[in-house]
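Enquirer: got a sequence here, can you build the structure:
(2 chains)
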Amino acid sequence: MNTEKLSYEEAIERLNKIVNDLEKGNLPLADSLELFEEGTALMKRCTELLDQAEQKVVMLKKGADGAPVELPFEE
Amino acid sequence: MDETRVFSVSELNGLIKELFDHTPLFLNISVRGELSNYKVYPSGHHYFTLKDSESSLRCVMFKSSAMHLRFRPESGMSVTAFGRISVFPRDGAYQLYCSALMPEGTGDLQVAFEQLKKKLDEEGLFDEAHKKPLPDYPQRIAIVTSSAGAAVHDMIRILGHRWPMSKVLLLPVRVQGAEAPAEIAGAIRYANRHAIADLIITGRGGGSIEDLWAFNDERVARAIYASEIPVISAVGHEPDVTISDYVADRRASTPSNAAEIAVPDASEQRQMLSSVSIRSAQAMDKRLRQMRSETENLRSRRVLRDAGAYLDDRRIELDHLRDKLGASMESALARKKRDQVRLAAALDAMSPLRVLTRGYAVASDENGRIVTSTKMIRKGSRLHLRLSDGGADCTVESVKEETEA
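Expert: Model prediction:
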């Protein structure tokens, strides 16, 4: 699975599943190692997303065709 | 009880208090009257008298209740007071312990509120079953409120602090006045029609009951109910409860509280991630230790303890295998042989040599090349004729070229 593209929610969901599977402890060693590596990549992905997050705030106005238009919101 | 018993004053007042406190009517009572001698003490408690033309009643409203008053009570106002009647033992006087005061006059708003609340409740707009769960990690949050005022800034600041990953989309509307309900309801419907967010917060900061009235409007209530996107209602301060609060998927006590409810907290998520990291490392460690002990177990088993016996067993297995293999090889060979006989017959049928039995011969020159043209031979060339059952060596007497017609 390509962890680079996952949203935070997807990554966290998968990560929780992996940890639960690992904690069950009934997987072949090779699978466990693979999961462990995937989990590590997912944690990295989540931390990156947390670190890089920058709040975006826009004001929505109804455009001429009715579709929403984003305008900057001056605080 | 002994009729001659003499009570102390405290005992008697205590008994009377008991009597009052066990009278259900007194525990929850509404009294209409005029306020007089209204005083707010530095402690924050309010003391006043309720009176009509013939009688008066001492009242106290403690700070905890008084802080929820939406208006400033003044002597001379007609009000309805809610509370319980009990005895203040020190003075031997009964009084109303007032929990709420409602002025006459604005009471009609309250009546309208109760009527709409009852109607929508009966229609099922407040049903828990209809309430949608909020997303755990909303990616886009639509805020339907005034673009002015502290509320929107508080929400944006708290959302940004807790969870900057969420994009905030502000749909500016008026939140008070005659136009407000239609604008709020319209913005909620618009957000749904264009699926602009996965969570909506609608509300406003504190104000008088009239200021908050848009959120008691039936149009707003119905727009919230119809919203496919989960809605958090965040109107006024903690004690203010509006119809929007009842119908929304979640009620927040204030706009700031709505921002806290809407998103997870990044620092908590970091803690969670590090605990997940520890858990997975521990699980892996445990798995490896388990593997090691399995290896230990194997080492102590017969296989490795007695290699000779192990090899004997394998040899017997091998013999069995070889037996089976031999049998299957033999049958495979027999099948191959049968196939070959069939194949040879088929090949034979197609062989050009069969044609020779019908009277044809194949001529080849001294180099064994098949002669197919007069150009390949001349007088004196040696030819070999292949016949069906043998051959003949010949010499060419003459060559005649046939010209094409």
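Enquirer: contacts and neighbour counts: CA atoms only from here.
Expert: Noted.
Enquirer: okay, which residue is most central for chain B?
Expert: Central residue of chain B (CA atoms, centre = their mean): B:P135, 5.2 Å from the mean position.
Enquirer: so how far is chain A from that residue?
Expert: 10 Å (CA to the nearest CA, to the nearest Å).
Enquirer: same check on B:A112?
Expert: Computed as CA to the nearest CA, the B:A112 to chain A distance reads 33 Å.
Enquirer: ok so that residue is a helix residue?
Expert: Yes - with DSSP: H, G, I helix; E, B strand; the rest coil as the criterion, B:A112 is located in a helix.
Enquirer: report the buried residues of the top strand by length along chain A.
Expert: Longest strand in chain A by number of residues, with DSSP state E as the criterion: strand A:56-62. For strand A:56-62, the neighbour count (16 or more other CA atoms under 10 Å in any protein chain shown) marks A:56-60 as buried.
Enquirer: quick check: next helix or strand after that strand?
Expert: Toward the C-terminus, strand A:56-62 is succeeded by strand A:68-72 as the next helix or strand (DSSP states H and E).
Enquirer: show me how far that following strand is from its chain's centre.
Expert: Offset of strand A:68-72 from its chain centre (CA atoms, centre = their mean, to the nearest Å): 26 Å.
Enquirer: if you count contacts, what does that strand end up packed against?
Expert: strand A:56-62 (3 or more CA pairs under 8 Å, 6 or more residues apart in numbering or on different chains; DSSP states H and E).
Enquirer: give me the sheet partners of the strand it packs on and which way each runs.
Expert: strand A:68-72 (antiparallel), strand B:167-172 (parallel) (DSSP bridges).
Enquirer: need the contact list for B:S78.
Expert: B:32-35, B:103-104 (CA atoms under 8 Å, 6 or more residues apart in numbering or on different chains).
Enquirer: returning to what we had before: I'd like the buried residues of strand A:56-62 as JSON lines, with pLDDT appended.
Expert: Converted to JSON lines, those look like this (pLDDT from 0 to 100):
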{"residue": "A:K56", "pLDDT": "94"}
{"residue": "A:V57", "pLDDT": "94"}
{"residue": "A:V58", "pLDDT": "94"}
{"residue": "A:M59", "pLDDT": "93"}
{"residue": "A:L60", "pLDDT": "92"}
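Enquirer: just those residues now: which is nearest B:R270?
Expert: A:K56 (21.0 Å; CA to CA).
Enquirer: neighbours of B:V31, how many?
Expert: Around B:V31 there are 16 other residues, counting by other CA atoms under 10 Å in any protein chain shown.
Enquirer: show me the contacts for it.
Expert: By CA under 8 Å, 6+ apart, the contact set of B:V31 is B:80-82.
Enquirer: and the residue sitting furthest away from the middle of chain A, how far from chain B?
Expert: Farthest-out residue of chain A from its mean C-alpha position, per CA atoms, centre = their mean: A:A64, at 35.0 Å. As for A:A64, its distance to chain B is 14 Å (criterion: CA to the nearest CA).
Enquirer: now the helices for the chain?
Expert: You didn't pick a chain, so chain A it is. A:8-24, A:29-52 (DSSP state H).
Enquirer: um, chain B though
Expert: Using DSSP H, helices in chain B cover B:9-21, B:24-27, B:63-66, B:107-123, B:150-162, B:180-193, B:218-226, B:243-247, B:255-262, B:266-299, B:302-305, B:307-350, B:353-356.
Enquirer: near B:D312, how many other residues are there?
Expert: Neighbour number of B:D312 under other CA under 10 Å is 11.
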